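Enquirer: sequence and predicted structure, then a few things I'm wondering about:
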Amino acid sequence: MSAAPLAGRQARAGLVLALPSVVLILVFFFGPVLYGLWLSLTDFDLYAIGDPSAARFVGLGNYAQALAHPDFWNSFRVTLWYAIVGAPVSVLVSLGAALLVDAQLARWKPFFRAVYFAPVVTTLVAVAIVWRYLYQPQYGLVNAFLGRLGLPSVDWLGDPHWALPSILVLAVWKNFGYNLLIFVAGLQGVPRELHEAAELDGASGWQRFWHVTLPDLAPVSLFVSITTLINYFQLFAEPYVMTQGGPLKSTTSLVLLMYEQGFRWWRLGYAASLAFLLFALILAATAVQLWLQSRRERA
Amino acid sequence: MRFASHLRVGVVVALASALLAGCGARTNGPVTLRMWAMGREGEVVGELVRDFEREHPGVRVHVQQVPWSAAHEKLLTSHVGGSLPDVGQLGNSWISEFGTLSALMPLDAMLSESGLGRDAYFGGIWDTNVLEGTTYGLPWYVDTRLLFYRRDLLQRAGYREMPTTWAEWRESLRAIRKLSGGKRYGVFLPTNEWMQPVVLGLQSGSPLLAEGGTRGAFREPEFRRAFTFYLSLFQEGLAPTLGIQEIANMYQEFERGTFAMVVTGPWNLGEFARRLPDSLQGAWATAPLPGPDGPGVSFAGGSSLVMFRHTAHPKEAWALMEFLSRPEQQVRFWRLTGDLPARREAWADSGLTADARTRAFGEQLLRTAPCPMVPEWEEIATRVWEQSDRAIRGVATADTVLADLDRIVDKLLEKRRWLAARRAAGVKGS
């Protein structure tokens, strides 16, 4: 048997084996994406649901309309808050909790891992009911605690200034457990010998963290920070169940705006254009993140 | 596998026996109707439906409760997905939208057969169910807005009765304001609600939208007159420049006499009775809205019963709608929910007219006008208060605001103009 037919057979086998997933991705991913792109160039709306011929091609009209609309820029700002404050806080909380769980002194590690992971697997709607009680202005636990300290009570979800931070706290609490597990796995991959060598060289705990743990965690951190940033750019469920985007649209993220435009007012064309604007935003943010990372590595 | 085949046999046996039983008992067989109802109505309608099932042994009704906050989305998604139920409750401001989508069954044939019609209902409310001459819904319960006022404060200002014209009304508000040394306001009209400016517009005869609902009519003299009056209440300090959430507790402020009147709806009959102290219970009353030159119209709201177009059981669905529209069922429904009955007969039959405060609603309901029946209305209404608010706060003049409003609304309705033009061209072409 010569080498060429073998390579050909292998290539064919590979193709056959890959085909199912390639087809699935084409049909269920690229198909809808292309359809969405087409939708975003039309004014597909309520009237077009009843009669598809009522949809018109409008070119980039939806994009121009979005970029000229104050609601878009309001949601843009809100989304940046979620992403730029929420994502780093979430990653830091995860890392901190992971270090605690992984600490040599810590006992009952599986128990703590389970406890921190519990919010991730709990349904958000159930969580939201409890958190709404916590935030309740008159008899909520948070305000009761503030009252003990002699501080005035706050209408957490009803005040346009406080609603966004309140949602962020909930989102961080709900989601940090997932990254915690990834960090714990990463920490367990840091070779013991490196720590021991550093200890012999007289490095302090802080120095060991900075020069041994952190560099070893770099790939994990990059993965975690990118996925978390993307998740916070796409924050939807938390404001949807807690505030419906209010008060005064102060918690309306871009995805929530898209949902409202698409499924409340049925401007599907316009909503699709918002989706692609969000895609561009996330792409840009991720590119910046990768660039920062590569610059740090070169330095 | 084994379980599945057992299941299949079981299903076949069950179906066969059901069919046999159906054939033996009656010709139309056992039918399950699906019904969606919202909020409190969804909770209690099950009780009424049990009696319907007793009357119609071949029909079972499965009621699903839908929360109001998710109702609109769920209805539309189900329409697109083809999973709407047979019968449903629909806020009457949504009828035009679902009618446009061809999601609703026209009821005219069934109505003429049953003898049920506009005469049995409050006319203005009935009209919200009619779209271009076709009836799509039966009013189930009604909702409107009128004045809740402090009779004691009004009397002290020298009025024994609530005035019925705009001019007298404004005069009475001035008297209340003056008597309190400028401490009290006459009336609370939340600046972030569309209802008040829109109702005043309806009162002065404005159609709100012109040319078949394709353009705004806010610069026309009718709306301008109403808007000038509305604005003057704020400019003279007769109404506070506050949104609804800027007043922490409306009932408390009403009790304190911060304002002597407020325009609100029937649900507050119970709330006022419950929340105001005993000492004030004799002092508050309700009255129909004043109008430009005598009693004015108010908003025609409420919910209707509709049949969705793809139902497989229109006959049974209609029977259920008819059952729920019977005067005695309407009275029962009112007792369970506090929702005001849509059938006028139900008012005569019950204790509704005995209570003076409720009677004012009955009187107002004889004078109602529908808001424009276009799917875009909800968004237009939002723009109305947003723009009015600018004029109230003095950011822009009335002229600018009304011109802006027409411009914004014209833009929102661009699609309707295009559709109308296309329809006209299509008719000519064929």
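Expert: Received it, and whenever you're ready, just let me know what you need. Numbers count the residues shown, from 1 in each chain, chains lettered A, B, ... in the order given.

Enquirer: buried ones in stretch A:139-149?
Expert: A:140, A:142-143 (16 or more other CB atoms under 10 Å in any protein chain shown). In this view, the C-beta of every residue, glycine as well, is placed from N, C-alpha and C.

Enquirer: just how off-centre is the helix or strand encompassing residue B:50 within its chain?
Expert: If you go by DSSP states H and E, residue B:50 is part of helix B:39-55. Computed by CA atoms, centre = their mean, to the nearest Å, the chain-centroid distance of helix B:39-55 equals 21 Å.

Enquirer: next helix or strand past that helix?
Expert: Next helix or strand after helix B:39-55 toward the C-terminus (DSSP H and E): strand B:59-66.

Enquirer: and that next one, what other elements does it pack with?
Expert: Applying 3 or more CB pairs under 8 Å, 6 or more residues apart in numbering or on different chains; DSSP states H and E, we find strand B:59-66 packed against strand B:31-38, helix B:39-55, helix B:314-324.

Enquirer: save those as TSV, and put in mean neighbour count, mean pLDDT and distance to residue A:187 too.
Expert: Output for the helices and strands packed on strand B:59-66, formatted as TSV (neighbours: other CB atoms under 10 Å in any protein chain shown; pLDDT from 0 to 100; distance: least, CB to CB, whole Å):
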stretch	mean neighbour count	mean pLDDT	distance to residue A:187
strand B:31-38	21	95	51
helix B:39-55	16	92	51
helix B:314-324	20	96	63
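
Enquirer: redo the ones you listed as JSON lines? Include distance to residue A:59.
Expert: What follows is the helices and strands packed on strand B:59-66, written out as JSON lines (distance: least, CB to CB, whole Å):
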{"stretch": "strand B:31-38", "distance to residue A:59": "39"}
{"stretch": "helix B:39-55", "distance to residue A:59": "43"}
{"stretch": "helix B:314-324", "distance to residue A:59": "44"}
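
Enquirer: from chain B, how far out is residue A:171?
Expert: Computed as CB to the nearest CB, to the nearest Å, the residue A:171 to chain B distance reads 21 Å.

Enquirer: quick one, what contacts that residue?
Expert: In this structure, residue A:171 makes contact with A:82, A:86, A:90, A:232, A:235, A:238, judged by CB atoms under 8 Å, 6 or more residues apart in numbering or on different chains.

Enquirer: how about the residues of the stretch 51-200 of chain A by chain B?
Expert: A:54, A:56, A:158 (CB under 8 Å from any CB of the partner chain).

Enquirer: name the nearest of those relative to chain B.
Expert: residue A:54 (6.2 Å; CB to the nearest CB).

Enquirer: check the chain and tell me which residue is nearest its centre.
Expert: No chain was given, so I picked chain A. For chain A, residue A:231 is the residue whose C-alpha lies nearest the centre (CA atoms, centre = their mean; 1.1 Å).

Enquirer: wait, chain B was what I had in mind.
Expert: Closest to where the C-alpha atoms of chain B average out (CA atoms, centre = their mean) is residue B:301, at 1.9 Å.

Enquirer: what ranges do the strands span in the stretch 301-430 of chain B?
Expert: B:301-307, B:340-341, B:368-369 (DSSP state E, counting those that start in this stretch).

Enquirer: now, of those strands, which is deepest in the fold?
Expert: Among the strands of the stretch 301-430 of chain B, the stretch with the highest mean neighbour count (mean count of other CB atoms under 10 Å in any protein chain shown) is strand B:340-341, at a mean of 27.

Enquirer: a markdown table for the buried residues of stretch A:139-149, including pLDDT?
Expert: Below are the buried residues of stretch A:139-149 laid out as a markdown table (pLDDT from 0 to 100):
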| residue | pLDDT |
| --- | --- |
| A:140 | 86 |
| A:142 | 92 |
| A:143 | 90 |
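
Enquirer: out of those, the closest to chain B would be?
Expert: Once CB to the nearest CB is applied, the member of those that ends up nearest chain B is residue A:143, at 15.4 Å.

Enquirer: give me the secondary structure label for that closest one.
Expert: helix (DSSP: H, G, I helix; E, B strand; the rest coil).

Enquirer: one more: residue B:187?
Expert: strand.

Enquirer: the residue of chain A at minimum distance from chain B: how many residues sit nearby?
Expert: Nearest to chain B in chain A, going by CB to the nearest CB, is residue A:50, at a distance of 4.5 Å. Neighbourhood size, residue A:50 [other CB atoms under 10 Å in any protein chain shown]: 15.

Enquirer: where does the stretch 1-150 of chain A dip in pLDDT?
Expert: Counting by pLDDT under 70, the stretch 1-150 of chain A has low-confidence residues at A:1-4.

Enquirer: give the buried residues for the lengthiest helix in chain A.
Expert: In chain A, taking DSSP state H as the definition, the longest helix is helix A:268-298. Neighbour counts over helix A:268-298 (16+ other CB under 10 Å) mark A:268-278, A:281-282, A:285-286, A:289, A:293 as buried.

Enquirer: quick check: residues of chain B near chain A?
Expert: Neighbours of chain A within chain B, by CB under 8 Å from any CB: B:69, B:72-73, B:76-77, B:79-80, B:97, B:100-102, B:245, B:375, B:379, B:415, B:418-419.

Enquirer: are any of these buried, and which?
Expert: Neighbour-count burial (16+ other CB under 10 Å) applied to the residues of chain B next to chain A gives B:72-73, B:76, B:79, B:97, B:100-101, B:375, B:415, B:419.

Enquirer: widest-spaced pair of those residues?
Expert: Using CB to CB, those span at most 23.7 Å, a distance reached by B:73 and B:419.

Enquirer: can you tell me how far the closest residue to the residue of chain A closest to chain B other than its chain neighbours sits from residue B:373?
Expert: Sequence neighbours aside, residue B:101 is the residue nearest to residue A:50 in space, at 4.5 Å (criterion: CB to CB, 6 or more residues apart in numbering or on different chains). Residue B:101 is 14 Å from residue B:373, where distance means CB to CB, to the nearest Å.

Enquirer: can you pull the domain assignment for chain B?
Expert: B:29-143+B:300-354, B:146-299+B:373-420 (automatic domain parsing).

Enquirer: columns distance to residue A:43 on top of the ones you listed, output as a markdown table?
Expert: Output for those, formatted as a markdown table (distance: least, CB to CB, whole Å):
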| stretch | distance to residue A:43 |
| --- | --- |
| domain B:29-143+B:300-354 | 16 |
| domain B:146-299+B:373-420 | 7 |
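
Enquirer: residue of the stretch 51-200 of chain B nearest chain A, please.
Expert: residue B:101 (4.5 Å).

Enquirer: you'd agree that residue is up against residue A:48?
Expert: No. Judged on CB atoms under 8 Å, residue B:101 makes no contact with residue A:48 at a distance of 10.3 Å.

Enquirer: and stretch B:208-228, what's buried?
Expert: For stretch B:208-228, by 16+ other CB under 10 Å, it's B:208-210, B:213-220, B:222-227.

Enquirer: CA-only coordinates of stretch A:195-214, as CSV, when you get a sec.
Expert: Extracted in CSV, the C-alpha atoms of stretch A:195-214 (Å, rounded to 0.1, in the frame of the first residue of the first chain):
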residue,chain,number,x,y,z
HIS,A,195,6.4,26.9,45.6
GLU,A,196,8.9,24.9,47.6
ALA,A,197,11.8,26.3,45.7
ALA,A,198,10.5,29.8,46.1
GLU,A,199,10.0,29.2,49.8
LEU,A,200,13.6,27.9,50.1
ASP,A,201,14.8,31.1,48.4
GLY,A,202,13.0,33.1,51.1
ALA,A,203,10.0,34.4,49.1
SER,A,204,7.1,35.7,51.2
GLY,A,205,3.6,34.5,50.7
TRP,A,206,2.7,37.5,48.7
GLN,A,207,5.8,37.2,46.5
ARG,A,208,5.0,33.5,45.8
PHE,A,209,1.5,34.5,44.8
TRP,A,210,2.8,37.2,42.5
HIS,A,211,5.7,35.4,40.9
VAL,A,212,4.7,31.8,41.0
THR,A,213,0.9,31.4,41.2
LEU,A,214,-0.2,34.2,39.0
